[in-house]
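Asks: sharing a model that was predicted from the sequence below.
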Amino acid sequence: MSRYRLISQSIVLSSSCVFGLVACSQGNQASGVGSQTPTPSVAIPAAANSSGASAGVAGSGGWAGAAGAASSAMSALPRGGARAASPSGGTGAIARAGSSAAASSGAGAGAVDNAGAGAAGSGIAGAAGGAGDAGTSGTAGPIAVVCPEQALAPGRTTGTVDVDGVARTFILYVPASYSGKEPVPFVTDWHPLMASGAAEESMSGYKALADEEGFIIAWPDALEGGWNIGPCCTRSGMVDDLGFAKALVAHVSSRACIDPKRVYATGISMGGGMSHYLACNAADVFAAVAPAAFDLLTEDEEPCHPSRPISVISFRGTSDPVVPYAGGESRPPNGLNVTIHFLGAEETFKKWSELNECTGTPTETGNGCQTFTQCKGGVEVTLCTQQGGGHDPGDPMLGWAMMKKHPMP
């Protein structure tokens, strides 16, 4: 029996949050994370190779996803042989190429190139007087990250970020291992329809992984009860959630030592839809995504044109009564007068493989997962299917293992 199956069987639903018919939110007092004074930059280290067990996740019902307490059975799951070892991967030194030095002519001195935010070598053109020979390209240095002088204190806080004059709220969790001296990954975890960041915090299982793996995590709050991914799912259709996602990353990165190459998105149900949406529209910010219980919509409803290849791992149940595994039309349960059309799990898997220019056939990788491994830019596309599964959360350990293997190129 796969670990993915064990997770589904250990779900405990909260009686007050079934199908999101009762609000699952907790009151958040908006208090921004304090500004910090920057100090000299440090180079981004290679991604760490690590694995660990996740905390339990609560079940979800409907797009709203029932925000339940995590089952105690989850904490009793074996940490060793009961699951396949989480894949791990690291990158070598990360560098961004600097622009090559231009050839100078006349009496001008040679141009010196740079590597954006990172320290770069320089290429110097010919000496003054006459036409100089073209200089060699500069040697790119690693991207530098400016770490705040005062590290954020470990623990859970609430904060706000301004998006077009609207204060958007979120919960931020900093693990005990965070020192503020080395760049760490940042995970954004998006909640279901009619739920809240606090509900997602309690059900997704990523908070325990933040402590084990050392990443900072945020749980954003939606306006109007849902995320705006185009045809769905805010009542006004005017909420800029793409702008919110980017502003949240920039805000936290200005106050914590975040590795810009290791920013990720995950979510359940409508939060999974937001994760797909970010992969389609913000691949310049997010390195990889791990959506659960949601698929891409048809191209006419949700165009998807990522700016680069991006790794995606999706978790789906074959008996999902809300987002049909085979695809088709659906009405959001928040009363929004709109019908949307899902591609389905297999077609979403296929579309991501096409968008990422994958070749060959997918490989069975255990836990009900199959993966396209031969894709452009070294990315991967994975679909984890739970036979008989419903509208369920994914496996946070499998999701994190996949994402951390694929930092931004």
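Replies: Noted; the coordinates are in hand. Numbers count the residues shown, from 1 in each chain.
Asks: output the below-cut-off pLDDT ranges for this structure.
Replies: 1-143 (pLDDT under 70).
Asks: tell me which stretches of it form strands.
Replies: Assigned by DSSP state E, the chain shows strands spanning 38-43, 144-148, 155-163, 166-174, 184-190, 216-220, 258-268, 288-292, 311-317, 328-330, 340-342, 363-366, 369-372, 381-386.
Asks: with distance to residue 403 added, can I get those in a markdown table?
Replies: (Glycine included, C-beta is placed from N, CA and C.) Below are the strands of the chain laid out as a markdown table (distance: least, Cβ to Cβ, whole Å):
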| stretch | distance to residue 403 |
| --- | --- |
| strand 38-43 | 22 |
| strand 144-148 | 19 |
| strand 155-163 | 22 |
| strand 166-174 | 17 |
| strand 184-190 | 8 |
| strand 216-220 | 12 |
| strand 258-268 | 5 |
| strand 288-292 | 4 |
| strand 311-317 | 7 |
| strand 328-330 | 27 |
| strand 340-342 | 23 |
| strand 363-366 | 15 |
| strand 369-372 | 13 |
| strand 381-386 | 10 |
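Asks: most packed of these?
Replies: Per-stretch averages of neighbours, counted by mean count of other Cβ atoms under 10 Å, single out strand 288-292 among these, with a mean of 30.
Asks: wait, doesn't residue 305 sit right on residue 280?
Replies: Yes. With contact defined as Cβ atoms under 8 Å, residue 305 reaches residue 280; the gap is 6.7 Å.
Asks: and of the strands of the chain, who's closest to residue 300?
Replies: strand 340-342 (8.6 Å; Cβ to Cβ).
Asks: what helices or strands is the closest one leaning on?
Replies: Here strand 340-342 touches strand 328-330, going by 3 or more Cβ pairs under 8 Å, 6 or more residues apart in numbering; DSSP states H and E.
Asks: in PDB, list the C-alpha atoms belonging to stretch 251-266.
Replies: Taking Å, rounded to 0.1, in the frame of the first residue of the first chain, the C-alpha atoms of stretch 251-266 are listed here in PDB:
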ATOM      1  CA  HIS A 251       7.600  41.400   0.500                       C
ATOM      2  CA  VAL A 252       8.900  38.300   2.300                       C
ATOM      3  CA  SER A 253      12.100  38.300   0.300                       C
ATOM      4  CA  SER A 254      12.800  41.900   1.500                       C
ATOM      5  CA  ARG A 255      12.500  40.800   5.100                       C
ATOM      6  CA  ALA A 256      14.000  37.300   5.100                       C
ATOM      7  CA  CYS A 257      16.900  35.700   3.400                       C
ATOM      8  CA  ILE A 258      15.000  33.900   0.600                       C
ATOM      9  CA  ASP A 259      16.700  32.100  -2.200                       C
ATOM     10  CA  PRO A 260      15.000  33.500  -5.400                       C
ATOM     11  CA  LYS A 261      15.700  30.300  -7.300                       C
ATOM     12  CA  ARG A 262      13.700  28.200  -4.700                       C
ATOM     13  CA  VAL A 263      10.300  29.800  -4.500                       C
ATOM     14  CA  TYR A 264       7.400  27.300  -4.800                       C
ATOM     15  CA  ALA A 265       3.600  27.100  -4.800                       C
ATOM     16  CA  THR A 266       1.300  24.400  -3.600                       C
END
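Asks: start at 14, not 1
Replies: Taking 14 as the first residue, the last one we looked at is stretch 264-279.
Asks: residues touching residue 385, list them.
Replies: Neighbouring residues of residue 385 by Cβ atoms under 8 Å, 6 or more residues apart in numbering: 366, 369, 371, 373, 375-376, 393-395.
Asks: also residue 185?
Replies: 46, 169-172, 229-231, 265.
Asks: which one of those sits closest to residue 400?
Replies: Nearest to residue 400 among the contacts of residue 185 is residue 230, at 30.0 Å by Cβ to Cβ.
Asks: touching, that closest one and residue 197? I think so.
Replies: No. Using Cβ under 8 Å, residue 230 is not in contact with residue 197, being 10.3 Å away.
Asks: list the residues that contact both of the two?
Replies: With contacts taken as Cβ under 8 Å, 6+ apart, residue 230 and residue 197 have no neighbour in common.
Asks: residue 266: how many residues sit nearby?
Replies: 18 (other Cβ atoms under 10 Å).
Asks: and the nearest residue to it once chain neighbours are set aside, how far from residue 345?
Replies: Leaving aside its chain neighbours, residue 266 sits nearest to residue 273 (6.8 Å; criterion: Cβ to Cβ, 6 or more residues apart in numbering). Per Cβ to Cβ, to the nearest Å, residue 273 is found 34 Å from residue 345.
Asks: what does residue 406 give?
Replies: 19 Å.
Asks: more neighbours: which of those two?
Replies: Ranked by neighbour count (other Cβ under 10 Å), residue 406 and residue 345 place residue 406 first, with 31 against 23.
Asks: show me where the stretch 114-263 of the chain has helices.
Replies: Ranges of helices within the stretch 114-263 of the chain are 210-216, 219-226, 254-266, based on DSSP state H, counting those that start in this stretch.
Asks: and among those helices, the most buried is which?
Replies: Sort the helices of the stretch 114-263 of the chain by mean neighbour count, taking mean count of other Cβ under 10 Å, and helix 210-216 sits at the top with a mean of 26.
Asks: what helices and strands are in contact with it?
Replies: strand 179-187, strand 197-203, strand 229-233, strand 271-281.
Asks: what lines up beside the shortest one in the sheet?
Replies: In the sheet containing strand 229-233, the strands it pairs with under DSSP bridges are strand 179-187 (antiparallel), strand 197-203 (parallel).
Asks: check the last one too.
Replies: For strand 271-281, the paired strands and their directions (DSSP bridges) read strand 197-203 (parallel), strand 301-305 (parallel).
Asks: now residue 322: closest residue in space, sequence neighbours ignored.
Replies: Nearest one to residue 322, counting by Cβ to Cβ, 6+ apart, is residue 390 at 3.9 Å.
Asks: follow-up on the earlier one: could I get the strands paired with strand 229-233 as CSV with distance to residue 250?
Replies: Formatted as CSV, the strands paired with strand 229-233 follow (distance: least, Cβ to Cβ, whole Å):
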stretch, distance to residue 250
strand 179-187, 15
strand 197-203, 18
